[in-house]
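*Asks:* Kindly generate the corresponding structure for this input.
(one chain, ligands or ions: 1)
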Amino acid sequence: MPKYIFVTGGVVSSVGKGAVAASIGKLLHWRGYGVDFLKIDPYVNVDAGTLNPYSHGEVFVTDDGGETDLDLGWYERFLDVPMSRHNNLTTGQVYLEVINQEREGKFLGQCVQIIPHITNEIKRRIRSVAARSGADFVIVEIGGTAGDIEGQPFYEAARQMKLEEETLFVHVALLVFLEATMEFKTKALQHSINELRRIGIQPDIVIARSKKMIDDQTRSKIALFSTLPKDAVFCSLDVETIYELPLVLEEQGLGDYISKRFNLRNEKTSISEWKWIVSRFKEAKHLVKIGVCGKYTSLTDSYVSIREALKHAGAFNDTKVEIVWIDVEEFERDEDKISVLKSLDGILVPGGFGKRGSEGKLKAIRFARESRIPYLGICFGLQLAVIEFARNVLGLEGANSVEIEPETEHPVVTAIPEQTEVRAMGGTMRLGSQPVKVIENTLAHSLYGSNLVYERHRHRFEVNPEYWGALTKGGLVFSGFSLDGRRVEIIELKDHPFFIAGQFHPEYKSRPGRPSPLFNGFIIAALNQKLEQAKTIH
Ligand code: GLN
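*Replies:* As a prediction, this is how the structure comes out:
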C-alpha cells in the first residue's frame with residue numbers, strides 16, 4: 001500500500017517546501033523506495049500556463065506537455081524521475097471536474113458541497129498519483145501557508161486521509177532570527193503550527209527553515225510547543241548549493257526518523273554518488289560570466305531551470321558560473337548600455353513572449369554574433385536570432401515575427417500552421433517532448449552525439465518555411481528538424497566560436513551530474529574563450 005507524506009508550509013510562502021519535499025524524496029530513494037509527487041497549488045487557474053512568470057516564477061513543462069509549477073522541476077532535478085501534468089493539482093482542476101460531473105447529472109440530485117464532493121475529488125487525485133506510478137510513497141506538497149483561505153479544502157482532504165491511509169505530516173516553517181539580539185524567535189513558527197492544529201492536523205515532523213543551524217535550546221523549544229519529541233525537529237538551513245540539502249537533512253537523522261515512523265527497512269544505498277555530484281559544485285577551478293538577457297530578470301525564479309542548467313554545466317566542467325541578469329529594455333532606452341555585454345563570456349537569450357524587450361534582445365544577439373561571444377538561444381532566443389540574421393546579414397529590413405509585428409514585411413518567424421485556428425490561451429501551444437532530428441557534421445550533432453533527441457517544447461511560432469532558402473543561402477545553418485522535416489528545431493552559425501539556438505527548452509532536462517548537452521557546450525565554449533583571451537593578454 002502506498003504511503004503519503006504531506007508537506008505543509010508556515011509563516012511565509014517560498015519557505016523552500018519544494019526543496020524539502022524533493023529532499024525527503026531523495027532520502028527515500030537512497031533507501032530503495034519508489035517515490036512520486038503531487039504539488040498542490042490552491043489557486044483557481046487550471047494550470048500554471050497562463051500565469052505571469054514575473055510574479056509566479058517559471059512555468060515548468062513536463063514531457064507530456066503539462067504546464068506546471070516550478071517545484072516539479074526540483075523533483076525532477078533531485079530524483080531524476082520525469083514528472084507529468086498529473087503531478088500538479090490546482091483548485092481550478094478540482095472544481096472544473098466536480099462542476100462538469102454535476103452538469104452531467106452524476107450527483108443524482110444531491111447538494112454538491114466542499115465536504116464531501118470537493119474533498120473526495122482531491123483525495124481521488126492524490127491516490128491516483130500512486131495508482132498511476134505504483135510508487136511506495138507519494139509526497140504531497142500543499143502550496144501556500146497554513147491558514148490560507150484557498151488551501152482549506154486541501155488541508156481538510158489531507159486531514160481525512162490520516163484516518164484512511166498511512167500518512168506523515170511534515171511542516172516546514174520559517175524560523176525568525178533577530179540580528180539585533182542574535183537569537184532565534186520561535187513565536188511565528190508556533191503560530192503556524194497552531195493554525196494547522198486548528199484545522200485538525202498535528203504535524204509529525206517540524207522543519208525549521210533558517211539561515212543557520214538551530215541550537216539545541218531552540219530545537220527543544222520548538223519540540224515543546226509542537227508536542228513532538230526533540231528528534232522530530234529538524235533544520236533546513238541555507239546551503240552553498242541546494243543539492244546539498246538532502247545530505248544536510250540526512251545528517252540530522254531525518255531519513256532514519258521517517259524510516260522509524262513507517263517501520264521501513266533502513267538500508268541506505270547510493271549516497272556516495274550524490275555526495276560526489278555535490279562536491280563538484282563546490283570545487284570550481286574556473287569562473288565564467290554568463291549574461292541572461294531577459295525581461296523577467298528581477299525575479300530570478302522566472303528562470304530557475306535555466307539558472308540550474310547553467311550551474312549543472314558549470315559544475316561538470318569545474319567552473320563556477322556567475323549569472324549576470326540583464327534587463328534588455330535598458331538597451332532600448334540607452335544604446336551605450338550594450339557595453340555591459342563586453343565583460344561577458346557568454347550570452348543567453350531565454351524563452352519569452354511578446355513585443356516588450358524584443359528589440360533589446362535583438363541588440364544583445366547582434367552583439368554576440370559580431371563580437372564572437374558564445375551564444376545560446378532558447379525558443380524565443382532562436383526566433384530572435386533568425387530575425388537578427390535576416391535583418392543584419394541578409395539585409396531584410398524590418399524582418400520580424402508575426403507575434404511581435406503582425407503586419408511585418410518579412411515574417412521570417414510565423415505562426416505554426418496548426419496554431420492559427422487556436423483561440424483559447426490555456427494549454428494550446430505546441431507543448432512537451434518532441435523528437436528532434438539532428439543533422440550530421442554540425443555543432444548540434446557534436447554536442448548531442450546522436451541523430452535523434454527528445455526535447456521539451458512550448459511555442460506557437462516557428463521559422464517561416466518561405467524564408468528557409470534565403471536564410472540558409474545567407475549562411476545560417478539548420479542543424480535540427482522535426483521528424484517530418486517541416487519545422488526547424490536548431491540553428492547555428494559556422495564562422496563563430498559558438499552560436500546555437502533551439503526551438504525548445506533544453507533546461508528542463510538538465511540534471512546535476514548530467515548537464516544538458518547544449519548548456520554543456522555553451523559553458524565549455526565560454527570557458528575556452530576566456531582562457532584564450534587570458535593567453536593573449538599575458
Ligand atoms: N513566443 C514564442 C512562441 O510562442 C516563443 C515561446 C518561448 O520562448 N517559449 O513561439
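*Asks:* drop to CA atoms for contacts and neighbour counts, all remaining ones
*Replies:* Noted.
*Asks:* neighbouring contacts of stretch 509-517?
*Replies:* Where contact means CA atoms under 8 Å, 6 or more residues apart in numbering, the residues beyond stretch 509-517 that reach it are 76-78, 80, 277, 308-309, 312-313, 315-316, 447-448, 455-456, 506-507.
*Asks:* If any of those residues are buried, give me the ChimeraX selection for them.
*Replies:* Selection of the buried residues among these in ChimeraX, burial being defined by 16 or more other CA atoms under 10 Å:
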select :76,77,78,80,277,308,309,312,313,315,316,455,456,506,507
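*Asks:* and the contacts of stretch 509-517, which of them are in strands?
*Replies:* Counted as lying in strands by DSSP state E, out of the contacts of stretch 509-517, are 455-456.
*Asks:* can I get the CA coordinates of the worst-scoring helix or strand of the chain on mean pLDDT in PDB?
*Replies:* In the chain, no helix or strand scores lower on mean pLDDT, DSSP states H and E than helix 53-56, which sits at a mean of 74. Output of helix 53-56 as PDB, limited to C-alpha atoms (Å, rounded to 0.1, in the frame of the first residue of the first chain):
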ATOM      1  CA  PRO A  53       6.400  34.200 -14.600                       C
ATOM      2  CA  TYR A  54       7.300  37.700 -13.300                       C
ATOM      3  CA  SER A  55       5.100  37.200 -10.300                       C
ATOM      4  CA  HIS A  56       4.800  33.400 -10.000                       C
END
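*Asks:* Distance from it to the middle of the chain?
*Replies:* 13 Å (CA atoms, centre = their mean, to the nearest Å).
*Asks:* helix or strand right after it?
*Replies:* Counting by DSSP states H and E, the next helix or strand C-terminal to helix 53-56 is strand 60-61.
*Asks:* so what strands line up beside that following strand?
*Replies:* strand 67-68 (antiparallel) (DSSP bridges).
*Asks:* can you tell if the partner strand touches the ligand?
*Replies:* No. Applying CA under 6 Å from any ligand atom, one finds strand 67-68 separated from the ligand by no less than 11.3 Å.
*Asks:* Residues touching that strand, excluding its own?
*Replies:* For strand 67-68, the external contacting residues (CA under 8 Å, 6+ apart) are 47-49, 59-62, 85, 88, 427.
*Asks:* Enumerate every residue touching residue 507.
*Replies:* Per CA under 8 Å, 6+ apart, neighbours of residue 507: 305-306, 308-309, 516, 519.
*Asks:* Among those, which are located in helices?
*Replies:* Counting by DSSP state H, the contacts of residue 507 place 305-306, 308-309, 519 in helices.
*Asks:* Can you pull the residues of the stretch 351-500 of the chain lying near the ligand?
*Replies:* 351-353, 379-380, 458-461.
*Asks:* Throw the residues you listed into a markdown table and include secondary structure, pLDDT and neighbour count, thanks.
*Replies:* Putting these into a markdown table (DSSP: H, G, I helix; E, B strand; the rest coil; pLDDT from 0 to 100; neighbours: other CA atoms under 10 Å) gives the following:
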| residue | secondary structure | pLDDT | neighbour count |
| --- | --- | --- | --- |
| 351 | coil | 94 | 22 |
| 352 | coil | 92 | 18 |
| 353 | coil | 91 | 14 |
| 379 | coil | 97 | 26 |
| 380 | helix | 97 | 27 |
| 458 | strand | 95 | 25 |
| 459 | strand | 96 | 21 |
| 460 | coil | 94 | 19 |
| 461 | strand | 96 | 22 |
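*Asks:* Pick out the most distant pair among the contacts of strand 67-68.
*Replies:* Comparing every pair within the contacts of strand 67-68 by CA to CA identifies 88 and 427 as the most remote, at 14.0 Å.
*Asks:* which residues in the stretch 151-300 of the chain form helices?
*Replies:* 152-164, 187-198, 216-226, 245-251, 254-262, 271-282 (DSSP state H, counting those that start in this stretch).
*Asks:* before we move on, what about the stretch 301-450 of the chain?
*Replies:* 304-316, 329-333, 358-370, 380-392, 443-448.
*Asks:* Nearest to residue 17 among those would be which one?
*Replies:* Nearest of these (CA to CA): helix 304-316, 15.4 Å.
*Asks:* neighbouring contacts of the closest one?
*Replies:* With CA under 8 Å, 6+ apart, helix 304-316 has contacts from 57-58, 70, 73, 280-282, 284, 320-321, 323, 350, 507-508, 510-516, 519-520, 523.
*Asks:* Give me the buried subset of those residues.
*Replies:* The neighbour-count test (16+ other CA under 10 Å) applied to the contacts of helix 304-316 identifies 57-58, 70, 73, 280-281, 284, 320-321, 323, 350, 507-508, 510-516, 519-520, 523 as buried.
*Asks:* quick one: contacts for the residue in the stretch 151-300 of the chain that the ligand sits nearest to?
*Replies:* Nearest residue of the stretch 151-300 of the chain to the ligand (CA to the nearest ligand atom) works out as residue 294 at 10.7 Å. Contact analysis of residue 294 by CA under 8 Å, 6+ apart lists 325-328, 349-350, 352, 357, 361.
*Asks:* Please produce TSV containing those residues, extended by distance to residue 194.
*Replies:* Shown next, in TSV, are the contacts of residue 294 (distance: CA to CA, whole Å):
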residue	distance to residue 194
325	40
326	43
327	43
328	46
349	46
350	43
352	42
357	46
361	49
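*Asks:* where exactly do the strands run in the stretch 1-150 of the chain?
*Replies:* Taking DSSP state E, counting those that start in this stretch as the criterion, the stretch 1-150 of the chain carries its strands at 3-10, 35-41, 60-61, 67-68, 88-90, 137-142.
*Asks:* Using a markdown table, lay out those strands together with mean pLDDT and mean neighbour count.
*Replies:* Listed next are the strands of the stretch 1-150 of the chain as a markdown table, based on pLDDT from 0 to 100; neighbours: other CA atoms under 10 Å:
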| stretch | mean pLDDT | mean neighbour count |
| --- | --- | --- |
| strand 3-10 | 96 | 24 |
| strand 35-41 | 96 | 25 |
| strand 60-61 | 96 | 27 |
| strand 67-68 | 93 | 27 |
| strand 88-90 | 94 | 25 |
| strand 137-142 | 97 | 24 |
